[in-house]
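Undergrad: Just need the structure, nothing else, for what follows:
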Amino acid sequence: MTYDHYLEEPGNLEVEYFSTFGTQRGGNDFHAFWSEFEFGATAWWTTELYFDGQTTFDDSTIFTGFRWENRFRLLQREHFINPVLYIEYEQISGADRILKEVEGHDVESDHAVPNTIARREHNHELESKLLLSKNFRGWNIAENTIATKNLTGGKPWEFGYAIGTSRPLALKASAKRCNLCRENFIAGVEMYGGLGDRYSFGLHDTSHYLAAVVAWNLPSDWTLRVSPGFGLNDNSHRFLLRWGVSREFSGFGETISRILGGHRP
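TA: Reported below is the predicted structural model:
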């Protein structure tokens, strides 16, 4: 998932459900899923909480952990390149398979381990990203550099990347409110993968993917997303299908403040 430099509007809450279906050679196919609660704390800070789970076909369905994500916009106004700092804490099991990003030497065979064995591994990870994003003639171009440290077991820093570009099908809004207007659809493409670790940086024993991305923004504040992806080498899953639905609630922070602060005369 390639991030651009846009944050959630201050005071707004976005509730999201996403899933990843993955084919698996040497094991059972799986359907990983997560719920996400994204809140615009300020104009420069967005915070999110994830709850992960997965179903491995002919195996079991399990809860795999949680994540706390924070994004900080480093420059207030639009610039030639807009940097955002991303920091995430993860407490997940070895059975987590949402594949929100790929890093280090993550490969397809890692996900062939049965749930009863994989869930015994408990990881506490700190993930950081530098998000660089630019708008050019209606296109958004973004690059994410990833560095992750497993805080348990003394494992080295692991690295990864994501590169993507997207554009609305129309740049001018229609005069009338409608669901199927071209400006409500965003299409793009992304590439992502691992870059090894501190001791073996590079492309050796890593996996990489190329995916199309389509989003449909409805006037009712609902958004639908779908992204079919394909592995680019023998270490990758042959096919990944990501899809999700989200709903934005405007003024959520102000509503909570009124409830907690009581009614003012």
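Undergrad: Around the closest residue to residue 112 other than its chain neighbours, count how many other residues there are.
TA: Take residue 112 and drop its neighbours on the chain: the residue closest to it by Cβ to Cβ, 6 or more residues apart in numbering is residue 27, 3.1 Å away. For the C-beta atoms, the positions are set from N, CA and C on the backbone; glycine is no exception. Using other Cβ atoms under 10 Å, residue 27 has 19 neighbouring residues.
Undergrad: roughly how far apart are residue 27 and residue 232?
TA: Here residue 27 is placed at a distance of 20 Å from residue 232 (Cβ to Cβ, to the nearest Å).
Undergrad: do the same with residue 39
TA: In terms of Cβ to Cβ, residue 39 sits 35 Å off from residue 232.
Undergrad: ok, the two, which is more surrounded?
TA: residue 39 (20 against 13).
Undergrad: Look at the nearest residue to residue 199 once chain neighbours are set aside and say how many residues are nearby.
TA: Setting aside the residues directly before and after it, residue 199 is nearest to residue 156 in space (Cβ to Cβ, 6+ apart), at 5.6 Å. Residues contacting residue 156 under the criterion other Cβ under 10 Å number 14.
Undergrad: swap in residue 4?
TA: The burial count for residue 4: 20, using other Cβ under 10 Å.
Undergrad: Just give the closest residue to residue 222, not the sequence neighbours.
TA: residue 247 is the one closest to residue 222 (Cβ to Cβ, 6+ apart), at 5.3 Å.
Undergrad: Can you verify that neighbour is assigned to a strand?
TA: Yes - Residue 247 forms part of a strand when assessed by DSSP: H, G, I helix; E, B strand; the rest coil.
Undergrad: Identify the residues contacting it.
TA: Contact analysis of residue 247 by Cβ atoms under 8 Å, 6 or more residues apart in numbering lists 14-16, 221-223.
Undergrad: What's the separation between it and residue 45?
TA: With Cβ to Cβ as the criterion, residue 247 and residue 45 are 21 Å apart.
Undergrad: Same question for residue 220.
TA: 27 Å.
Undergrad: Looking at these two now, which is surrounded by more residues?
TA: It is residue 45, of residue 220 and residue 45, that has more neighbours when counted by other Cβ under 10 Å, with 15 against 10.
Undergrad: Pretty sure that one sits against residue 72.
TA: Yes - in this structure residue 45 lies within contact range of residue 72 using Cβ atoms under 8 Å: 5.6 Å.
Undergrad: now residue 248, which residues is it bridged with?
TA: In this entry, residue 248 is beta-bridged to residue 14, by DSSP bridges.
Undergrad: my read: it touches residue 218, true?
TA: No - Residue 248 is beyond contact range of residue 218, at 10.4 Å (criterion: Cβ under 8 Å).
Undergrad: Give the other helices and strands that the longest helix seen in the chain contacts.
TA: Counting by DSSP state H, the longest helix found in the chain is helix 252-261. Counting contacts by 3 or more Cβ pairs under 8 Å, 6 or more residues apart in numbering; DSSP states H and E, helix 252-261 packs against strand 30-40.
Undergrad: Quick check: buried residues in the strand it packs on?
TA: Neighbour-count burial for strand 30-40 flags 30-34, 36, 38-40 (criterion: 16 or more other Cβ atoms under 10 Å).
Undergrad: If I look at residue 104, what pLDDT would I see?
TA: Residue 104 is assigned a pLDDT of 97 by the prediction.
Undergrad: Next up, the contacts around residue 157.
TA: 147-149, 197-198.
Undergrad: In strands only, show me these.
TA: Residues of the contacts of residue 157 located in strands (DSSP state E): 147-149, 197.
Undergrad: out of the residues you listed, who has the most neighbours?
TA: When neighbours are counted by other Cβ under 10 Å, residue 148 leads the ones in strands among the contacts of residue 157 with 23 neighbours.
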